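A.B. asks: Using only what follows, build the 3D model:
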Amino acid sequence: MNIRLSEEMETLLIPLYGRARMSQEGYFQDPYAEDAVRSIQYDFSKLHIQKKTQVMLSVRGAQIDAFTAAYLQKHPESTVLYLGCGLDARRQRIGASARMWYDLDFPQVIEIKRQLYSETEQYRLIGSSVTNWQWMDEITRTDTPMLVIAEGLLMYLSEQDVRTLFLKLRDTFQNVIFVFDAYSQTTAKQASKHPSLKKTGASIRWGVDSSAEITSYGSGITHEKTMYLTDENAMIYIPKKFRAMFHIADHFQMAREAHRIFVMKLCSKQGE
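C.D. replies: Next up, the predicted model:
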């Protein structure tokens, strides 16, 4: 399969390849990523994806998978909205049922994804920039809970766009749980020097040092929990030679907080 993406959009290939490689090694089960990498005619070696990056991306994906599966087990009537989905097959991979699942990314990305995965009555693909807010009109409004996922996305947005996203999700939908990963501000400043990102030309624009910075965006935004890439339950996804490094990082706040996963609840007054 031939693909055409702008250099900046090529960032979506980094986690795809990372998951595929770790799946091949038996640490993170993602046959969909393996199949996609085999199907796509692209020289992944030019992205210079370091082994440590592959491990980190797999751990991040596995933790969000586990949270999503557990959430849907309790709330199978929920709507799931996966922002900046890339070519990730999270819905297919976790096999959990939802009332409706939406994957959203740039039109060029969704065009490729349609060649890999078929839409159904419960699974829709939306081609749009996240910051072109009109996509919200394509989401069916219900009184049931909504789980919003943003993996490897928000750090590429401006702080104003991140703030606007939170407020629009809060005001447009009801009972929203938002799970997303975020860099610290220090990591955000350093991340653009990463060899893979330098190759794509993408820039990191947003980082946050505490959940309090996010809750300050407006009323009705509350912090539910934080998951760390160094958590003990993540060790099964990490090759043995990297486990010591992750264990050590867990003992240093700056290292632990460099990149983590937040779970926030968004609730407007009318949705309370």
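A.B. asks: Now the residue nearest the centre of the chain: phi and psi?
C.D. replies: Most central in the chain under C-alpha atoms, centre = their mean is residue 151, positioned 1.0 Å from the mean C-alpha point. Per-residue torsions, residue 151: phi -110, psi 120 (degrees, to the nearest 10).
A.B. asks: Need the contact partners of stretch 119-129.
C.D. replies: Here stretch 119-129 makes contact (C-beta atoms under 8 Å, 6 or more residues apart in numbering) with 91, 98-111, 113-114, 117, 134-135, 138. C-beta here means a position set from N, CA and C on the backbone, and glycine is covered the same way.
A.B. asks: model confidence over it, on average?
C.D. replies: Confidence for stretch 119-129, expressed as mean pLDDT, is 96.
A.B. asks: ok so, going back, the contacts of stretch 119-129 in helices, which ones?
C.D. replies: Taking DSSP state H, the ones among the contacts of stretch 119-129 that sit in helices are 91, 107-111, 113-114.
A.B. asks: Is there a quick ChimeraX command that grabs whichever of these are buried?
C.D. replies: Selection command for ChimeraX covering only the buried members of the ones in helices among the contacts of stretch 119-129, criterion 16 or more other C-beta atoms under 10 Å:
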select :91,109,110,113
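A.B. asks: Tabulate the CA atom coordinates of the one helix or strand residue 214 maps to in PDB.
C.D. replies: Residue 214 is located in helix 211-215, with elements delineated by DSSP states H and E. Output of helix 211-215 as PDB, limited to C-alpha atoms (Å, rounded to 0.1, in the frame of the first residue of the first chain):
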ATOM      1  CA  SER A 211      -3.100  18.300  36.800                       C
ATOM      2  CA  ALA A 212      -3.900  21.600  38.600                       C
ATOM      3  CA  GLU A 213      -2.800  23.500  35.400                       C
ATOM      4  CA  ILE A 214      -5.500  21.600  33.500                       C
ATOM      5  CA  THR A 215      -8.200  22.000  36.100                       C
END
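A.B. asks: If we go by neighbour counts, what in the strand or helix carrying residue 226 is buried?
C.D. replies: Assigned by DSSP H and E, residue 226 belongs to strand 221-228. Neighbour-count burial for strand 221-228 flags 221, 226-228 (criterion: 16+ other C-beta under 10 Å).
A.B. asks: From those residues, pick the one nearest residue 240.
C.D. replies: Nearest to residue 240 among those, counting by C-beta to C-beta, is residue 228 at 19.5 Å.
A.B. asks: and the closest residue to that closest one other than its chain neighbours, how many neighbours?
C.D. replies: Closest residue in space to residue 228, ignoring its immediate chain neighbours: residue 260 at 5.0 Å, by C-beta to C-beta, 6 or more residues apart in numbering. Residues near residue 260, counting by other C-beta atoms under 10 Å, number 21.
A.B. asks: now swap in residue 212 and tell me
C.D. replies: Applying other C-beta under 10 Å, I find that residue 212 has 9 neighbouring residues.
A.B. asks: Check residue 241 too.
C.D. replies: When neighbours are defined as other C-beta under 10 Å, residue 241 has 9 of them.
A.B. asks: any idea of the pLDDT on it?
C.D. replies: In this model, residue 241 carries a pLDDT of 89.
A.B. asks: Over to the one 10 residues further on?
C.D. replies: For residue 251, the model assigns a pLDDT of 87.
A.B. asks: what residue ranges in the stretch 151-272 of the chain score low on pLDDT?
C.D. replies: In the predicted model, the stretch 151-272 of the chain carries pLDDT under 70 at residues 192, 196-201, 269-272.
A.B. asks: Would you state the helices of it in chain order?
C.D. replies: Assigned by DSSP state H, counting those that start in this stretch, the stretch 151-272 of the chain shows helices spanning 159-172, 185-191, 195-200, 211-215, 240-250, 253-256.
A.B. asks: looking at those helices, which is closest to residue 56?
C.D. replies: Nearest to residue 56, of all the helices of the stretch 151-272 of the chain, is helix 240-250, at 9.1 Å by C-beta to C-beta.
A.B. asks: What degree of burial does residue 105 show, as a neighbour count?
C.D. replies: By other C-beta under 10 Å, the residues close to residue 105 number 26.
A.B. asks: i'd like the first residue to be 34 from this point on
C.D. replies: Shifting the count to begin at 34 puts that one at residue 138.
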